[in-house]
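Undergrad: Based on what follows, work out the 3D shape:
(chains A and B)
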2 protein chains.
Amino acid sequence: MKFRRSERLIDMTHYLLEHPRQLVSLTFFSERYGSAKSSISEDLAIIKDTFELRGIGTLETVPGAAGGVRYQVKVRDEEAKPIIAELCELIASPDRLLPGGYLYMTDILGDPMIVQKCGKLIASAYINKNIDMVMTVATKGIALAYAVANYLNVPVVIARRDSRVTEGSTVSINYVSGSAKRIQTMVLSKRSLEEGSKVLIVDDFMKAGGTINGMISMLDEFKATLAGIAVLVESENADERLVDEYVSLVQLADVDVREKRINVTEGNYFKRN
Amino acid sequence: MKFRRSERLIDMTHYLLEHPRQLVSLTFFSERYGSAKSSISEDLAIIKDTFELRGIGTLETVPGAAGGVRYQVKVRDEEAKPIIAELCELIASPDRLLPGGYLYMTDILGDPMIVQKCGKLIASAYINKNIDMVMTVATKGIALAYAVANYLNVPVVIARRDSRVTEGSTVSINYVSGSAKRIQTMVLSKRSLEEGSKVLIVDDFMKAGGTINGMISMLDEFKATLAGIAVLVESENADERLVDEYVSLVQLADVDVREKRINVTEGNYFKRN
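TA: Next comes the predicted model:
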């Protein structure tokens, strides 16, 4: 069965989007459509141009017999700006304020479309880094971690507060939560993280950074390496921060519970190098 | 700026895939590309045919002034078969067996590609049902719940074992876990579920169904309606099951911890109506 160019373009677009960061050979597409490799090459050139023009991402070409193309997500700053601005507006609503200066974000984190967009932005920031895994701690950061991992095409590993029978043997560490100065426990299944893995830590919210510091200690236990830290929201009080280098989409400032006021600004996303 | 058909097809495919179940007007596309509506209609006819031919899904056309097109995921049984067969093989590995007959599935649930595929199958089974929300309980089912919700374009609500300050006020219920016969607690943020919502419950594993029963009780508390139950894996002992109607992708049978044997078969996915 032969496919016309228009059908190939649609199916290839779908295939590439579903397999981010995966090397796909020209032979694969050529056999899939019963088309000459020269036609497939032309198709891919059109897809590459359109992906770049419309900010969908890029297609990297790997030459040679073992070569092919690889779709990489890439969000341009001019597309990221309105997404982050929208997020700021959403978060700034005063009825999100909870006792203790915490913010209710369950609805935002429960919206798969928002989470996907944020995951895309974060993945885009780390697309040129060497990353083997995304790590988060249960529960709130999980959806964002999967969204990032999906675009990076790497597995997710989830640390927990308590050990469960379905995890098998676990490694447990204690850490001090930075804001509450309480000793907390974090456990991770022994099988879930390989020695030497390069790990991107993703979480929904960072106050002083104690929980993220806990995850870094966990990486040490597994002889894994920290490849980056990304959070959806960082709170104010950057002077007390336990963590240095990170990417944040949104920053909270001037949370005033009594006055019911939240000042929300862009995070450091656009200042990353 | 004008777009050629090939560019439009690529960008429209991307746009539709990123906005499942969302009605997109012809005017939107017409303005996006500076093209006549008649050209857009032709594009959409090609996309619809290719989506259906390649098992990507369908495009529903809604006629009239407020009309447009809507992409719906739809996995055909012949495509679902190999996905579920692969899953069975993956799960049948004897080194997954944990004390108590539990299975280590953290690596499977940590692979975003597998989770996406399973989410697509489940979403496909419920695409014609009226669903407002997907519900799960922390932690293991979360990624699958988001994958399903993504394709259904509805929010996710996550019940927890413990109450956290960042949830605001919560409703708490007690339930009996079916297999261990222990009293357990489940909490859900008061703001997170609206009265009257039609809810699809999604979880990774169902033994006797106690936890799922707990979620159903929670729905009662919120005056919400059960729209369906879907699990990745159901264990054997169907005679003791507390839950009647559900969709499962995979079924465990004959788990023998001493002999290190797991028998894994297709769930009831293909028997659904």
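Undergrad: Any part of the longest helix anywhere in chain A near chain B?
TA: Criterion DSSP state H: the longest helix present in chain A is helix A:37-53. Yes: Helix A:37-53 lies within reach of chain B by CB under 8 Å from any CB of the partner chain, at A:46-47, A:49-51, A:53. Glycine gets a C-beta too; all of them are placed from N, C-alpha and C.
Undergrad: Grab the nearest non-local neighbour of A:Q116.
TA: A:A147 (5.3 Å; CB to CB, 6 or more residues apart in numbering or on different chains).
Undergrad: Helix, strand, or coil at the one you found?
TA: Taken by DSSP: H, G, I helix; E, B strand; the rest coil, the conformation at A:A147 corresponds to helix.
Undergrad: which residues in the stretch 151-273 of chain A form strands?
TA: Per DSSP state E, counting those that start in this stretch, the stretch 151-273 of chain A carries strands over the ranges A:156-159, A:170-176, A:183-189, A:198-206, A:225-234, A:247-256, A:261-266.
Undergrad: got the buried residues for stretch A:205-219?
TA: A:205-216, A:218-219 (16 or more other CB atoms under 10 Å in any protein chain shown).
Undergrad: would TSV of those residues with pLDDT and distance to chain B be doable?
TA: Output for the buried residues of stretch A:205-219, formatted as TSV (pLDDT from 0 to 100; distance: CB to the nearest CB, whole Å):
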residue	pLDDT	distance to chain B
A:F205	93	8
A:M206	92	13
A:K207	87	11
A:A208	86	15
A:G209	90	16
A:G210	91	15
A:T211	92	12
A:I212	94	16
A:N213	93	19
A:G214	95	16
A:M215	97	15
A:I216	96	20
A:M218	97	15
A:L219	97	16
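Undergrad: so of these, which ones are in helices?
TA: A:210-216, A:218-219.
Undergrad: Can you name the residues of the stretch 151-273 of chain A sitting close to chain B?
TA: Close to chain B, as judged by CB under 8 Å from any CB, the stretch 151-273 of chain A has residues A:153-158, A:160, A:165-168, A:189, A:191-192, A:205.
Undergrad: try it again with 10 Å
TA: A:151-158, A:160-162, A:164-169, A:180, A:188-189, A:191-193, A:204-205 (CB under 10 Å from any CB of the partner chain).
Undergrad: Now list the buried members of these.
TA: A:151-158, A:160, A:166-168, A:188-189, A:191-193, A:204-205.
Undergrad: Number of residues surrounding A:Q184?
TA: Around A:Q184 sit 15 other residues, with neighbours defined as other CB atoms under 10 Å in any protein chain shown.
Undergrad: should've said A:V115
TA: Count around A:V115 with other CB under 10 Å applied: 25.
Undergrad: A:D107 is in contact with that one, correct?
TA: No: using CB atoms under 10 Å as the test, A:V115 is too far from A:D107 to be in contact (11.4 Å).
Undergrad: shared neighbours of these two, anything?
TA: Counting by CB atoms under 10 Å, 6 or more residues apart in numbering or on different chains, A:V115 and A:D107 have no contacts in common.
Undergrad: quick revisit: return the subset of the residues of the stretch 151-273 of chain A next to chain B lying in helices.
TA: Per DSSP H, the subset of these in helices is A:151-152.
Undergrad: count of residues packed around A:G68?
TA: 18.
Undergrad: now swap in A:E52 and tell me
TA: Neighbours of A:E52 (other CB under 10 Å): 14.
Undergrad: how's chain A carved up into domains?
TA: A:5-73, A:94-266 (the TED database).
Undergrad: looking only at pLDDT, what's the mean for the shortest one?
TA: The predicted model gives domain A:5-73 an average pLDDT of 95.
Undergrad: tell me how far the ends of it are from each other?
TA: 24 Å (CA to CA, to the nearest Å).
Undergrad: Nearest to the spatial middle of chain A, which residue is it?
TA: A:V148 (2.5 Å; CA atoms, centre = their mean).
Undergrad: Against A:V154, how distant is that one?
TA: 9 Å (CB to CB, to the nearest Å).
Undergrad: which neighbours do these two share?
TA: Counting by CB under 10 Å, 6+ apart, the residues touching both A:V148 and A:V154 are A:123, A:131, A:134, A:200, B:112.
Undergrad: Show the buried residues in the residues you listed.
TA: A:123, A:131, A:134, A:200, B:112.
Undergrad: out of the residues you listed, which are inside helices?
TA: A:123, B:112.
Undergrad: Report pLDDT for the residue nearest to the centre of chain A.
TA: In this model, A:V148 carries a pLDDT of 98.
Undergrad: do the same with A:V257
TA: 78.
Undergrad: Now it, what are its backbone angles?
TA: Dihedral angles of A:V257 (phi, psi; degrees, to the nearest 10) stand at phi -70, psi -40.
Undergrad: same question, A:Y246
TA: Dihedral angles for A:Y246 - degrees, to the nearest 10 - are phi -160, psi 170.
Undergrad: thought it was touching A:I229?
TA: Yes: counting by CB under 10 Å, A:I229 is a contact partner of A:Y246 at 3.9 Å.
Undergrad: How about the contacts made by A:Y151?
TA: Per CB under 10 Å, 6+ apart, neighbours of A:Y151: A:20-21, A:57, A:71-75, A:116, A:119-124, A:126-127, B:112.
Undergrad: Disregarding flanking residues, what is the spatial nearest neighbour of it?
TA: Closest to A:Y151 by CB to CB, 6+ apart is A:A123, at 3.4 Å.
Undergrad: From B:I212, how far off is that neighbour?
TA: A:A123 is 33 Å from B:I212, by CB to CB.
Undergrad: For the residue nearest to A:K129 when sequence neighbours are not counted, list the residues it contacts.
TA: Computed as CB to CB, 6+ apart, the closest residue to A:K129 that is not its neighbour in sequence is A:A227, at 5.7 Å. Each residue near A:A227 by CB under 10 Å, 6+ apart is listed here: A:126, A:129-135, A:197-201, A:219.
Undergrad: A:S169 too?
TA: So A:S169 contacts A:163, A:189-191, B:98, B:104 (CB under 10 Å, 6+ apart).
Undergrad: returning to what we had before: the residue nearest to the centre of chain A and A:A230 touch, don't they?
TA: Yes: taking contacts as CB under 10 Å, A:V148 lies within contact range of A:A230: 7.1 Å.
Undergrad: Perfect, that will be all.
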